[in-house]
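A.B. asks: Sequence first, then the predicted structure:
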Amino acid sequence: MKTPLPDFNWAEREERWTYITTQLPTMYNDLMNNQPALWRTTLSTPVSRRITEQGMLVRLPEMLRSMLSTVEIDWN
């Protein structure tokens with residue numbers, strides 16, 4: 001499971017708090033009700049392991065592929 005990045009500046013306290021109090025509970029309940037096996041697996045996996053598995057270095061090849069597929073280079 002990958003956690004998408006929110007589409008706002010995470011450093012902005014008010015926006016961050018709104019996200020935490022309104023969107024995260026909805027996503028949590030949706031996951032719990034519609035994908036209970038994934039919900040249980042996610043909760044039973046230590047946070048340190050999830051951070052390692054989703055870290056930037058692990059995802060770097062995927063991010064580079066994504067960047068290269070959307071970047072257009074003009075050699076003129």
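C.D. replies: Thanks, I have it. As the structure is a computational prediction, the values presented were derived from the model and not from experiment.
A.B. asks: Remind me which helix or strand I73 belongs to.
C.D. replies: Element membership for I73 (DSSP states H and E) is empty, with no helix or strand holding it.
A.B. asks: Now do it against D7, distance only.
C.D. replies: For I73, the distance to D7 (CB to CB, to the nearest Å) stands at 27 Å. Where C-beta positions appear, they are placed from N, C-alpha and C, glycine not excepted.
A.B. asks: Could you do M63 as well?
C.D. replies: As defined by CB to CB, M63 lies at a distance of 17 Å from D7.
A.B. asks: what's the answer for Q23, then?
C.D. replies: 11 Å.
A.B. asks: just P61 next, same as before
C.D. replies: Per CB to CB, P61 is found 24 Å from D7.
A.B. asks: neighbour count winner among M63 and D7?
C.D. replies: Relative neighbour count places M63 above the other of M63 and D7, with 10 against 7, counting by other CB atoms under 10 Å.
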